[in-house]
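Undergrad: no FASTA, just this:
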């Protein structure tokens, strides 16, 4: 079959697959033709031009599909293009028979080839398109949404995650500083993607980009206008303990040349399709190196971080309240209950009490709750686990990158979101350049959590 014939055929199919004004289903002749094109991709039919046009057509088709159509498209790749079980079985038997002979290494290579799925060839052809990297990142975001309903997609997800991990190696990423003079499109994405502390207005954004602030973004060269991660930094002379004060637009601008501390107060991943792709501690190290070059007086690098799943965990573990709140704590809390609040019989009732937001606004009641809530949070950070890792996702990130849990800050985020996530508590993680590698090794090898003495003591009390 000539390449010209293939290309002309693809042009005819393009009209068939993309006609209509709304999102398409994927069924009947549409599904049949997509399956044929995917098989041609897997076999590498045609020359370079037809290969690229076919991949572009499939990508364009996918983008025209509705959710059901996309799920069918991905299910087709996952189910029809895996390794051939019979070929794998034969290659495995040949390898077993060849062990200890001169044929062993040839048989091992054949087994490895038999295990390789055709999905990788399809994904690689998408990757070669001008916007192919972004297409695959968005495609994986869809995959992650569909996994719960279709577990058969997990094989495709694992392969795509593996490919993205290779393509998004930290060595490929570019660090750029974002300023008020950056392109408006990029500033709009910063507002859109901010995942930790909502940017409420352009004046709020300008405050975050002032002379005592720094904002950085990481980019992949194949996605030059699509930031992967935003890192927001405040330059201070103390370990920040309240995010509202840190982001106060009316606060005086601090003289950055006097700063000895850099506070990482927001780290936002912008691409859902890169979930599970680890960028490692080198990203923060690059930000630290950039800051130290501009501000040699900086000696402390820390975060002011949320505990996004603390309240969810606490409400699901009522027995933990009784261990964190002493009888003296309960007596003090009962004495300071507001008139409209229901009485409490035990520590297990505290979760119900704290579901009402009024408690934080009353100084006497919030003071009575402070010791117990701080102990509860310390135990959560030091002991709560999920799949052998810390339960808290932010803790997993920072501990895995070599940080130390330094301090818990009570009522550090008094926003509605802060109360919903963690009863207003926030945590400082400290990055000590002298101990980062040792902490990473201990955490990855033994699950050992680096923490200040006060945190450890609070978790034991």
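TA: That came through fine. In this text the structure is predicted, and so the values were computed from the model without any measurement. Residues are numbered from 1 along each chain as shown.

Undergrad: Can you give me the domain boundaries for the chain?
TA: Listed domain ranges for the chain are 3-82+117-167, 170-303, 310-460 (source: automatic domain parsing).

Undergrad: Residue 96 is nearest to which of the ones you listed?
TA: Nearest to residue 96, of all these, is domain 3-82+117-167, at 21.8 Å by Cβ to Cβ. C-betas here are computed from N, CA, C, even on glycine.

Undergrad: distance between the closest one and the chain's centre?
TA: Averaging C-alpha positions (Cα atoms, centre = their mean, to the nearest Å) puts domain 3-82+117-167 25 Å from its chain's average.

Undergrad: any weak-confidence spans in the protein?
TA: Low-confidence segments of the chain, defined by pLDDT under 70: 1-23, 280-281.

Undergrad: Which helix runs longest in it?
TA: Longest helix in the chain, counting residues (DSSP state H): helix 363-383.

Undergrad: What's the first helix or strand after that helix?
TA: Using DSSP states H and E, the helix or strand that directly follows helix 363-383 along the chain is strand 385-386.

Undergrad: What pairs with that following strand, parallel or antiparallel?
TA: In the sheet, strand 385-386 lines up against strand 389-390 (antiparallel) (DSSP bridges).

Undergrad: immediately after the strand it pairs with, which helix or strand?
TA: Taking DSSP H and E, what comes next after strand 389-390 is helix 393-400.

Undergrad: which other residues reach that next one?
TA: Helix 393-400 is contacted by residues 267, 281, 303, 305-309, 381, 389-390, 405, 427, 429, 439-440, 443-444, 449-450 when judged by Cβ atoms under 8 Å, 6 or more residues apart in numbering.

Undergrad: Other residues contacting the following helix or strand past it?
TA: Downstream of helix 393-400, the next assigned helix or strand under DSSP H and E is strand 404-409. The contact list for strand 404-409 (Cβ under 8 Å, 6+ apart) reads 239, 241-242, 302, 304, 374, 377-378, 381-382, 395, 399, 425-432, 435, 439, 449-452, 454-455, 458.

Undergrad: Check for me that residue 441 belongs to a helix.
TA: Yes. Counting by DSSP: H, G, I helix; E, B strand; the rest coil, residue 441 is located in a helix.

Undergrad: show me where the stretch 51-200 of the chain has strands.
TA: Using DSSP state E, counting those that start in this stretch, the strands of the stretch 51-200 of the chain run over 174-178.

Undergrad: just to revisit the earlier point, can you give me the angle the longest helix of the chain makes with strand 404-409?
TA: Going by axes from the mean of the first three to the mean of the last three Cα atoms, to 10 degrees, helix 363-383 is angled at 160 degrees with respect to strand 404-409.

Undergrad: Sort out which residues of helix 363-383 are buried, please.
TA: Across helix 363-383, burial judged by 16 or more other Cβ atoms under 10 Å covers 365-366, 368-369, 371-382.

Undergrad: Of all pairs in those residues, which one spans the longest distance?
TA: Of all pairs in the buried residues of helix 363-383, the most separated under Cβ to Cβ is 365 and 382 at 26.5 Å.

Undergrad: What segments of the stretch 251-400 of the chain are helices?
TA: 282-294, 310-316, 318-324, 327-335, 350-354, 358-361, 363-383, 393-400 (DSSP state H, counting those that start in this stretch).

Undergrad: Nearest to residue 32 among those would be which one?
TA: Proximity to residue 32, assessed across these by Cβ to Cβ, is greatest for helix 393-400 (42.4 Å).

Undergrad: chain center to that closest one, what's the gap?
TA: 11 Å.

Undergrad: Name the residues of that helix that are buried.
TA: So, applying 16+ other Cβ under 10 Å, buried residues of helix 393-400: 394-400.

Undergrad: next one: stretch 430-443
TA: Neighbour-count burial for stretch 430-443, counted by 16+ other Cβ under 10 Å, picks out 430-432, 436, 439-440, 442-443.

Undergrad: cool, and stretch 216-227?
TA: Buried-residue list, stretch 216-227, by 16+ other Cβ under 10 Å: 216-220, 222, 226-227.

Undergrad: residue contacts, residue 456?
TA: When contacts are counted by Cβ under 8 Å, 6+ apart, residue 456 touches 378, 382.

Undergrad: try 10 Å
TA: Residue 456 makes contacts with 378, 382, 405, 449, as judged by Cβ atoms under 10 Å, 6 or more residues apart in numbering.

Undergrad: Pick the one among these closest to residue 53.
TA: For the contacts of residue 456, the nearest to residue 53 is residue 449 (52.9 Å; Cβ to Cβ).

Undergrad: how deep is that closest one tucked in, by neighbour count?
TA: Using other Cβ atoms under 10 Å, residue 449 is surrounded by 19 other residues.

Undergrad: Wasn't it part of a helix?
TA: No. Residue 449: not assigned to a helix; according to three-state DSSP it is coil.
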